[in-house]
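Trainee: Predicted model, plus sequence, below.
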2 protein chains.
Amino acid sequence: MTDTAENQRNQRHAARMARKKAIIDASIARADQKKGLLLVLTGNGKGKSSSAFGMVGRSLGHGMKVGVCQFLKSRTDTGEEAFFSRDPNVAWHVLGDGFTWETQNREQDIATSLRGWAVAQHMLADASYDLVVLDELTYLLNYGYLDADQVLDTLAARPPMQHVVVTGRAASEALRDLADTVSEIADVKHAYREGITAQPGIDL
Amino acid sequence: MTDTAENQRNQRHAARMARKKAIIDASIARADQKKGLLLVLTGNGKGKSSSAFGMVGRSLGHGMKVGVCQFLKSRTDTGEEAFFSRDPNVAWHVLGDGFTWETQNREQDIATSLRGWAVAQHMLADASYDLVVLDELTYLLNYGYLDADQVLDTLAARPPMQHVVVTGRAASEALRDLADTVSEIADVKHAYREGITAQPGIDL
């Protein structure tokens, strides 16, 4: 390209970006409200819990108070718990017994779910928690281990500035309806299917 | 339900879960390899960068060394940087000038991109980094600010056990092909469209 052609390209770029900035600035000006959000991260792809934990980090960086309920996980040797639990502003609860196919005991799973939900209810009634993560909650709802209506009512009645992140596959329509933000993470490709095991830092 | 019906339900559940466990255990046994993964988090939905930062937390929890390059962001007051930078095992670089529509200057954007990429190249050649996050890299590729072939070659030639997470909308086919894991995050619903501004802890 000649210098003149390159200059023209740069000028066209600048004009296009000035128009784009005007549109985006107007859109940002319209979005001026603050409230506690309910975010749902669902779908079969990798990144649901990781994303919730990223928001935990962001919140702790702002000095906010965070509660985390991991409803399925039974192991307490994960990187996420080791790292985030160092911060005194986080209350981290590993509340599971493992997946349903590990316990193979429906009554035990229901009892475990109810115990875990009691911990979450406590946080969802306490406005001092700025962010509450309910990791893998959808499974407890989809298996019918918890009463979905009661869970949704509790979410709806939480303190108005409290953010909640719910993760897990197959979020119900009712949960999506209640949510402010819903991301559906599609599994386009996963290393696991190529014979790669779950690895520290990435998966645990 | 009578006690007997409930018992039968529990027994059927246990049998179904025992079969499921056998299938899953066999699948886990087949996935026994370890390697440095290239993960791509793309799509228009919320959760791409958050997910990368969740993996940063997981990795730091395991005592791994982490490098983060934020290619677009120019602000250094985010929760993520404040929080994760506390850990001595993380090298956090905010390398951007803001979005292209903020600078409105293509030559400046290209120069900024090249400076940022030099930082990333250094990490991608250093096996002491267990995880490297290239946050919002796709925009630099899609705008043509970086040479995509050179970036892909550098990613392919990195240390074999090093994990890399690339985030950003519209990841190219070539980048997806090179990746081990690709998650496409769909924007089903976003609070921003309901007039809610970006909020600390959730978005910044």
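Mentor: Alright, I've got the coordinates. Numbering: from 1, shown residues only, chains lettered A, B, ... in the order given.

Trainee: helices and strands around the longest strand seen in chain A, which ones?
Mentor: Using DSSP state E, we find that the single longest strand of chain A is strand A:181-189. Other elements packing on strand A:181-189 under the criterion 3 or more CB pairs under 8 Å, 6 or more residues apart in numbering or on different chains; DSSP states H and E are strand A:38-42, helix A:48-61, strand B:181-189. Yep, even glycine has a C-beta here, placed from its N, CA and C like the rest.

Trainee: which stretches of chain A form strands?
Mentor: Per DSSP E, chain A carries strands over the ranges A:38-42, A:66-70, A:90-94, A:131-135, A:163-167, A:181-189.

Trainee: want to try JSON lines for the helices and strands packed on strand A:181-189, with mean pLDDT and mean neighbour count as columns?
Mentor: Listed next are the helices and strands packed on strand A:181-189 as JSON lines, based on pLDDT from 0 to 100; neighbours: other CB atoms under 10 Å in any protein chain shown:
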{"stretch": "strand A:38-42", "mean pLDDT": "98", "mean neighbour count": "26"}
{"stretch": "helix A:48-61", "mean pLDDT": "98", "mean neighbour count": "28"}
{"stretch": "strand B:181-189", "mean pLDDT": "97", "mean neighbour count": "22"}
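
Trainee: got these as TSV, with distance to residue B:150 columns?
Mentor: Listed next are these as TSV, based on distance: least, CB to CB, whole Å:
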stretch	distance to residue B:150
strand A:38-42	34
helix A:48-61	28
strand B:181-189	21
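
Trainee: Tell me which of the ones you listed sits nearest to residue A:171.
Mentor: The closest of those to residue A:171 is strand A:38-42. By CB to CB, the value is 3.8 Å.

Trainee: what residue ranges in chain A are flagged as low confidence?
Mentor: Residues of chain A that meet the criterion pLDDT under 70 lie in A:1, A:99.

Trainee: Let's have the strands of chain A in TSV, adding distance to residue B:30.
Mentor: Compiled in TSV, those are given as follows (distance: least, CB to CB, whole Å):
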stretch	distance to residue B:30
strand A:38-42	27
strand A:66-70	26
strand A:90-94	27
strand A:131-135	27
strand A:163-167	26
strand A:181-189	17
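
Trainee: between the helices and strands packed on strand A:181-189, which gets nearest to residue A:74?
Mentor: Of all the helices and strands packed on strand A:181-189, helix A:48-61 sits nearest to residue A:74, with 14.7 Å by CB to CB.

Trainee: So which elements touch the closest one?
Mentor: strand A:38-42, strand A:66-70, helix A:79-84, strand A:131-135, strand A:163-167, strand A:181-189, helix B:48-61, helix B:79-84.

Trainee: Please work out the angle formed by the directions of that helix and strand A:131-135.
Mentor: Counting by axes from the mean of the first three to the mean of the last three CA atoms, to 10 degrees, helix A:48-61 lies at 160 degrees to strand A:131-135.

Trainee: Check the offset of helix A:48-61 from the chain's centre.
Mentor: Centre-to-centre, helix A:48-61 and its host chain are 8 Å apart (CA atoms, centre = their mean, to the nearest Å).

Trainee: So for that helix, could I get the coordinates as PDB, restricted to C-alpha?
Mentor: Backbone C-alpha positions of helix A:48-61 (Å, rounded to 0.1, in the frame of the first residue of the first chain) are rendered in PDB as follows:
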ATOM      1  CA  LYS A  48     -19.300 -22.300  34.300                       C
ATOM      2  CA  SER A  49     -17.700 -22.800  37.700                       C
ATOM      3  CA  SER A  50     -14.400 -21.100  36.600                       C
ATOM      4  CA  SER A  51     -16.400 -18.100  35.600                       C
ATOM      5  CA  ALA A  52     -18.200 -17.900  38.900                       C
ATOM      6  CA  PHE A  53     -14.800 -18.100  40.700                       C
ATOM      7  CA  GLY A  54     -13.400 -15.300  38.500                       C
ATOM      8  CA  MET A  55     -16.300 -13.100  39.800                       C
ATOM      9  CA  VAL A  56     -15.300 -14.200  43.300                       C
ATOM     10  CA  GLY A  57     -11.800 -12.900  42.600                       C
ATOM     11  CA  ARG A  58     -13.100  -9.600  41.200                       C
ATOM     12  CA  SER A  59     -15.400  -9.100  44.200                       C
ATOM     13  CA  LEU A  60     -12.700  -9.800  46.700                       C
ATOM     14  CA  GLY A  61     -10.500  -7.400  44.900                       C
END
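
Trainee: Taking the centroid of chain A, which residue is nearest it?
Mentor: Nearest to the mean C-alpha position of chain A, by CA atoms, centre = their mean, lies residue A:52 at 3.4 Å.

Trainee: how close does it sit to residue A:97?
Mentor: 21 Å (CB to CB, to the nearest Å).

Trainee: circling back: looking at the strands of chain A, which is closest to residue A:8?
Mentor: strand A:181-189 (38.5 Å).

Trainee: what comes into contact with the closest one?
Mentor: Contacting residues not belonging to strand A:181-189 are listed as A:37-48, A:51, A:171, A:176, B:43, B:45-47, B:176, B:179-191 [CB atoms under 8 Å, 6 or more residues apart in numbering or on different chains].

Trainee: Tell me how chain A divides into domains.
Mentor: For chain A, automatic domain parsing gives the domain ranges A:1-32, A:36-187.

Trainee: Please identify the most buried of those domains.
Mentor: domain A:36-187 (a mean of 20; mean count of other CB atoms under 10 Å in any protein chain shown).

Trainee: Minimum distance to residue A:104: which of the helices and strands packed on strand A:181-189 has it?
Mentor: Closest approach to residue A:104 among the helices and strands packed on strand A:181-189 (CB to CB): helix A:48-61, 23.7 Å.

Trainee: tell me the angle that closest one makes with strand A:66-70.
Mentor: Angle between the axes of helix A:48-61 and strand A:66-70 is 160 degrees (criterion: the same axes, to 10 degrees).
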